[in-house]
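Participant: have a look; sequence and predicted model below, questions after that.
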Amino acid sequence: MVSFGGWEMPVQYTGIIEEHRAVRTRAGLFDVSHMGEVDLVGSGARPFVQRLVTNDLGRLAVSQARYTPMCTPGGGIIDDLLVYALGADHLMLVVNAANTAEDLAWIREHGPENVRVTDRTDEIALLALQGPRAQEILLRLTTAPLDAIRYYWFLDGVEVAGRRALVSRTGYTGEDGFEIYVDAGHAVHVWGALLEAGGGAGILPAGLGARDTLRLEAGILLHGNDMDKTITPLEVGLGWTVKLGKGEFIGAQALQRQQREGLGRCLVGFTLRERAIARHGFPILRDGKPVGQVTSGSFGPTVENSIGLGFVPPAYAEPGQQIAVEIRGRAVQGAVAKLPFYKRGTGGA
Amino acid sequence: MYPKELRYSKEHEWAKVEGTRVRVGITQFAADRLSDVVYVELPKVGAEVTFMESFGVVESVKAVSDLYAPVTGKVVEINDGLTEKPEVINTDPYGQAWMIVVEPRDLSELSKLLDADAYMALIGEQRS
């Protein structure tokens, strides 16, 4: 167990690589109840959140979710989050555990009077069922029409193992799967029911360690590692979540300026020729000179390679560019790689 | 788990006397604690290693650990197979996963290491 954002979390249950492979080939179950849930209710909720985040919620339908950064006026990423449209005047933001308190303060500071902001983190548990057999397993515990839930859509008020749940087709692994929100008091029951229902399919409980290797292979960023308040969405390849045409929002001017003037650094993926792991903060070298830094790195169990993310100058950001990472005083050779490292249905394991 | 014929360091390496040479690896306890070893960095043949100083590195998804020489001397063999299959460190730490063979300067140095019972007592404490 490790402390993570004030929560005690298991790094692994049976082993990081075993859990990783279970998610890629069968199914894994994660307890991610540490994620923060913030409710916004009121006639001003939608216009407020539209001003708060960079992505466009204009056409977000009820029962739909959207991924978006939330930025400072300077364009720095305070957090990245999911917005769930629970109703016409009701949104739920799902935020990173380490940022929940700061996000709440920011939201309350900017929230107008006609929006009621409630922290529901302690009331809501979140279980992530991920992997190619996730749907088959979940169907054993619910009569909800899971087939009808498209990617980044959800059904609220369905029953899972006899308990009320919100089920969305979302995740952080690069696999198909669901995130299941239940009352905290029902979490142990639903967790046990899912593991039992998935026993025949080879489900494994999975910890923070596998969550990190899975998201990294899938090229998904981790706030606090790959981005923070000093880094903009444009610099980390999240330009597709910045909708400058949607109208005024916090950070818009700074991001518009950066887009006009160009980037000083870009987050890229890279692979190394040896299996040594490039860890957060290690220097990225070009022709022997430091040009950037690693933000995330690991051994990718499915791609069977040492992979990572890091910042380099735009001139070296194209896939195939030769770089090296300084690991314990030695330059380990590698190259910039196209993201994601792993895409569902393209083999591996 | 901890063969009687081996000697053990407090840093969780094992040493096996083979005539005038000593074969070296890490223990099941160390392998379990690292879990999922993905990379090993070993010295070159001919390198000198020193008692309880680092001779290499073993890396898992979770962490990096130094390897400490249980005896002073010259490296005469290294296990190249670990580069391609580091996972044998988890599955066969006393067999396939040997790391280096050392020609010791002074075999009596091994008396500073622990026997299996003393080593098990040590890790018993570290487990609790």
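Facilitator: Noted; the coordinates are in hand. Numbers count the residues shown, from 1 in each chain, chains lettered A, B, ... in the order given.

Participant: how about the strands in chain B?
Facilitator: Per DSSP state E, chain B has strands spanning B:7-8, B:13-18, B:21-26, B:37-41, B:48-49, B:54-60, B:64-68, B:73-78, B:100-104. These are given in chain order.

Participant: the last one packs against which elements?
Facilitator: Identification of packing neighbours for strand B:100-104 by 3 or more C-beta pairs under 8 Å, 6 or more residues apart in numbering or on different chains; DSSP states H and E yields strand B:21-26, strand B:73-78. Every C-beta, even on glycine, is put in place using the N, C-alpha and C of the backbone.

Participant: now do the first one
Facilitator: Here strand B:7-8 touches strand B:13-18, helix B:116-127, going by 3+ C-beta pairs under 8 Å, 6+ apart.

Participant: mean pLDDT for those: which is lowest?
Facilitator: When these are compared on mean pLDDT, helix B:116-127 scores lowest, with a mean of 87.

Participant: give me the angle between that helix and strand B:13-18.
Facilitator: Taking axes from the mean of the first three to the mean of the last three C-alpha atoms, to 10 degrees, one finds helix B:116-127 and strand B:13-18 inclined to each other by 170 degrees.

Participant: around chain B, pick out the residues from the stretch 101-250 of chain A.
Facilitator: For the stretch 101-250 of chain A, the residues in contact with chain B under the definition C-beta under 8 Å from any C-beta of the partner chain are A:209, A:213.

Participant: same thing but at 10 Å, please
Facilitator: Residues of the stretch 101-250 of chain A lying near chain B by C-beta under 10 Å from any C-beta of the partner chain: A:209, A:210, A:212, A:213.

Participant: confirm that the last one sits in a helix.
Facilitator: By that I understand residue A:213. Yes. Assessed with DSSP: H, G, I helix; E, B strand; the rest coil, residue A:213 lies in a helix.

Participant: that one touches residue A:15, doesn't it?
Facilitator: No. With contact defined as C-beta atoms under 10 Å, residue A:213 and residue A:15 do not form a contacting pair (11.4 Å).

Participant: nearest to chain A, out of the helices and strands packed on strand B:7-8?
Facilitator: Go through these one by one with C-beta to the nearest C-beta and the one that ends up closest to chain A is helix B:116-127, at 15.0 Å.

Participant: so which residues make contact with that closest one?
Facilitator: B:1-10, B:12, B:14, B:27-30, B:32-33, B:113-114 (C-beta atoms under 10 Å, 6 or more residues apart in numbering or on different chains).

Participant: ditto for stretch A:259-267
Facilitator: Contacts of stretch A:259-267 from elsewhere in the structure, counted by C-beta under 10 Å, 6+ apart, are A:75, A:221, A:226-227, A:231-232, A:234-239, A:242, A:244, A:258, A:291-293, A:295-296, A:309-318, A:336, A:339.

Participant: could I get the buried residue list for it?
Facilitator: By neighbour count with 16 or more other C-beta atoms under 10 Å in any protein chain shown, stretch A:259-267 contains the buried residues A:265, A:266, A:267.

Participant: and what of stretch A:228-238?
Facilitator: For stretch A:228-238, using 16+ other C-beta under 10 Å, the buried residues are A:229, A:231, A:232, A:233, A:234, A:235, A:236, A:237, A:238.

Participant: straight-line length of it, end to end?
Facilitator: For stretch A:228-238, the first and last residues are 13 Å from each other (C-alpha to C-alpha, to the nearest Å).

Participant: now stretch A:325-333
Facilitator: Counting by C-alpha to C-alpha, the length from the leading to the trailing residue of stretch A:325-333 is 7 Å.

Participant: can you list the buried residues in it?
Facilitator: Buried, per 16+ other C-beta under 10 Å, within stretch A:325-333: A:325, A:326, A:327, A:332.

Participant: and stretch A:95-102, by the same measure?
Facilitator: Result for stretch A:95-102 [16+ other C-beta under 10 Å]: buried residues A:95, A:96, A:97, A:98, A:99, A:100.

Participant: for the stretch 51-200 of chain A, what spans make up the strands?
Facilitator: Secondary structure of the stretch 51-200 of chain A, counting by DSSP state E, counting those that start in this stretch: strands at A:65-71, A:77-87, A:90-95, A:116-119, A:124-130, A:154-160, A:163-168, A:177-183.

Participant: any chance of those in CSV, plus distance to residue A:142 and mean pLDDT?
Facilitator: As requested, the strands of the stretch 51-200 of chain A are arranged in CSV below (distance: least, C-beta to C-beta, whole Å; pLDDT from 0 to 100):
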stretch, distance to residue A:142, mean pLDDT
strand A:65-71, 19, 98
strand A:77-87, 18, 98
strand A:90-95, 20, 98
strand A:116-119, 27, 98
strand A:124-130, 11, 98
strand A:154-160, 5, 98
strand A:163-168, 7, 98
strand A:177-183, 9, 98
